[in-house]
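Colleague: Just a sequence and a predicted model for now, questions to come.
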Amino acid sequence: MIGLTRFSSSNFSLILRILFFILCMQKCTPQSWWLSPENGPTCKTGTCGETSDTCECSLTIEHRLTMLTQNPPLILRPRSGNLYLYNDTSYVNQISEKLKAEVITGDGYGSRSVIAINGKFPGPTIEAYEDQTMIIHVRNLMHTDSTTIHWHGMHQKGTPEFDGVAFISESPILPGHTYTYKFTAQPTGTNFYHAHIGDQRSMGLYGGLIIYPKYKFYSQPQVGFTVLIQDWNHDDEPETLYQRMLNGVLDLTSNTIKEPTQSYDGASFSRFHMHSGLINGKGRFYTADYYGTYYNNGAPLETFEVEYGRSYRFRVISAATLYPFRVYVQGHPELNIRAADGFEIVRGTGSNSSELIVESFIIHPGERYDFTLSANKNPDTYLLVAESIEDLSSKNPREYHAAEAFIHYKERAFSYKGKDSENQDHCTSVAPCITFNCPYLYYPTSMRRRCITFDQANSNEYLTKSKEVQIVDETLFFNFAFPGEPGNTPGSVNGRQFIYPTFPILTNEAALTTPCKASECGEDQICSCTYSIELASDWIYQFVITNLGNGRGWSHPIHLHGHNFYVMKMGFGSYDTNTGKLLASTTDIECIGTKNYCNEAKWANSSWATGNNIPGLQLNNPPEKDTIIVPTGGYVVIRFKADNPGAWFFHCHIDLHNTNGMGMVFLESKDKYPFKDSKANSKEEGSHQRLVLFTLLVLAFTLY
């Protein structure tokens, strides 16, 4: 007792101080949360610059309402690009620019809930430089929803635990909780961050992420404008949208089920009704009379200011829920496509290469395209337009689904323009307009357009490594579709509807309770499980991604986490060259089984299975990407080197399809996981450590 008393009096207070210090380090680390722009910048001053080693930012996530001021809360209405109080029926006093800057407008129709980041919708664009250490603090102030943030385009080499996919790489961030992501800014280019749980991206939980190269060997401009595109629905929250996709959308005026719209090739979109489009959170809602005259509601649009004679880089990001958009600039029929998903591209190779000049391009959910625009037209206000590629010709009254922004030449006074009325008259049958990245081969001849598919581009990357994928170690087939019998056609990969684990599979694979079973999954079966495949370290993989069988549907944008890949070939079905309609699926691939699910497949010509015998394979500087559109009734061949250990999600980037099960996981180089000999920096580990330390602290006080 004397020894214990002596120990207690001389050392116990020191032990208490140490325990308390450790507990505070775990739990009480000071973090100055701030909102942008009133209370400080999104990113910490002194970081994210060209000479900085780190880029440290804070993101606060919470719900907000559109068309409402903040303090005091006042409901608004739009007109001619301005905002007025709801009771200002004569539109006499527009609100101040200061109040206007605080308002989340959407398309100006009604008031609906969105998810804001630092008070903004979409969230602020983060700009950093190659190889900087990114430190992003995320605080979830949503009352009932958990969330995660995926850094779309970041490879997370050495940090797979920060990829931000719920129950794949991490547990969700609970309401009221905070979490810090830490990773290297790599690779360079146009990327974005977004929620990766449920369908929160459709409510606005996304923002731009631009990584500039640290070496200035690019001749074209790098700094420019960020253009975030989203399809917009007036009525539905994410859970409602998902239920409507499964069960249908009811038209209450006619008491009928709304049929999905179709693309120009005849493929049906899912049941998500698009009312309008947004660019950087702003859009306007169009209606039309029975004579075909369009009217918009006069909501404010994003404006990009340019000077005559200069060239500008536009970084276009699709954060859309479902719909692809054709992007063009009114009065400027030449867009110079510079990059896709952050990787530089051109047309042709070597001495035969040339800049990829197009009239327009199509962008699908998850994709990013950079183009440069020469501001060399008559100074005026022009429209940057992103039209959905829905065939709306049979709608009566007519509908117009587009995201718009203004490009304003500073040399002339700004003018709030209406819908583009040029009707693309510069496109002719003799000189049709070129549209890049089509998910089909033809437009109707009456539209006077010519398609260029993505595989017709070539890499213009200074340090391309395409030579290392010349020889393939293994070829795998993956069918992204909705196969099955009526009443059971879930989104799936190879007939396996993805079920998320209850613990992150990256760090807790042993706890998995929903593995795929051979007895339940097969060529003629539909099953629900956590579909995963192991990839061997440093192997060269060739994936043949298909959209075939009785579950083929709208073309799917497929995104691979942890990697970029080389697009070696795109295969299409047969089309009516006059109407542009798909007639039949490709005959290059044979679906195995009796029910035409295409859960298993092989090359119809067995000689294609060896070497580089596939006709049309792009072996000379193939273009690079991380999200690729797989055409209806067709396929895409991609290659990459498995040199990034981790658990990587592979999924359709249409939110509703992903939620419905159209995804899977690659467990890559499991023997080389960066945290093999020590636990990953997980939320659970930190919580357990704090609990143990707190218990020790309580016991120490009790004994003392």
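Modeller: It's in. Numbers count the residues shown, from 1 in each chain.
Colleague: ok, so what distance separates residue 665 from residue 118?
Modeller: Separation of residue 665 from residue 118 (C-beta to C-beta, to the nearest Å): 32 Å. C-beta coordinates here come from the backbone N, C-alpha and C atoms, glycine included.
Colleague: quick one: least confident helix or strand in the chain?
Modeller: Counting by mean pLDDT, DSSP states H and E, the weakest-scoring helix or strand in the chain turns out to be helix 2-7, with a mean of 42.
Colleague: The closest residue to residue 445 other than its chain neighbours sits in which helix or strand?
Modeller: Spatial nearest neighbour of residue 445, excluding adjacent residues (C-beta to C-beta, 6 or more residues apart in numbering): residue 578 at 5.3 Å. Taking DSSP states H and E as the definition, residue 578 sits outside all helices and strands.
Colleague: Can you give me the distance of residue 578 to residue 622?
Modeller: Separation of residue 578 from residue 622 (C-beta to C-beta) stands at 32 Å.
Colleague: Give me the more crowded residue out of these two.
Modeller: Taking neighbours as other C-beta atoms under 10 Å, residue 578 and residue 622 compare with residue 622 leading, 24 against 10.
Colleague: Find me the pLDDT at the closest residue to that one other than its chain neighbours, would you?
Modeller: Closest residue in space to residue 622, ignoring its immediate chain neighbours: residue 566 at 4.3 Å, by C-beta to C-beta, 6+ apart. For residue 566, the model assigns a pLDDT of 98.
Colleague: what's the spacing between residue 566 and residue 603?
Modeller: According to C-beta to C-beta, residue 566 stands 19 Å off from residue 603.
Colleague: try residue 658
Modeller: According to C-beta to C-beta, residue 658 stands 28 Å off from residue 603.
Colleague: what about the longest strand in this protein?
Modeller: In the chain, taking DSSP state E as the definition, the longest strand is strand 54-65.
Colleague: In its sheet, which strands sit next to the helix or strand following it, and in what direction?
Modeller: Next helix or strand after strand 54-65 toward the C-terminus (DSSP H and E): strand 76-79. Strand 76-79 sits in its sheet next to strand 82-85 (antiparallel), going by DSSP bridges.
Colleague: what is the rounded mean pLDDT of the partner strand?
Modeller: Per-residue scores along strand 82-85 average to 96.
Colleague: List the buried residues of the helix or strand that it is followed by.
Modeller: Sequence order places helix 97-102 as the next helix or strand after strand 82-85, per DSSP H and E. Judged by neighbour count (16 or more other C-beta atoms under 10 Å), helix 97-102 contains these buried residues: 99, 102.
Colleague: Quick check: chain neighbours aside, which residue is closest to the most centrally placed residue in the chain?
Modeller: Closest residue to the average C-alpha location of the chain: residue 366 at 3.1 Å, with C-alpha atoms, centre = their mean. Distances taken as C-beta to C-beta, 6+ apart put residue 653 closest to residue 366, at 3.3 Å, once the chain neighbours are dropped.
Colleague: Quick check, the one you found in contact with residue 557.
Modeller: Yes - counting by C-beta atoms under 8 Å, residue 653 touches residue 557, with 4.5 Å between them.
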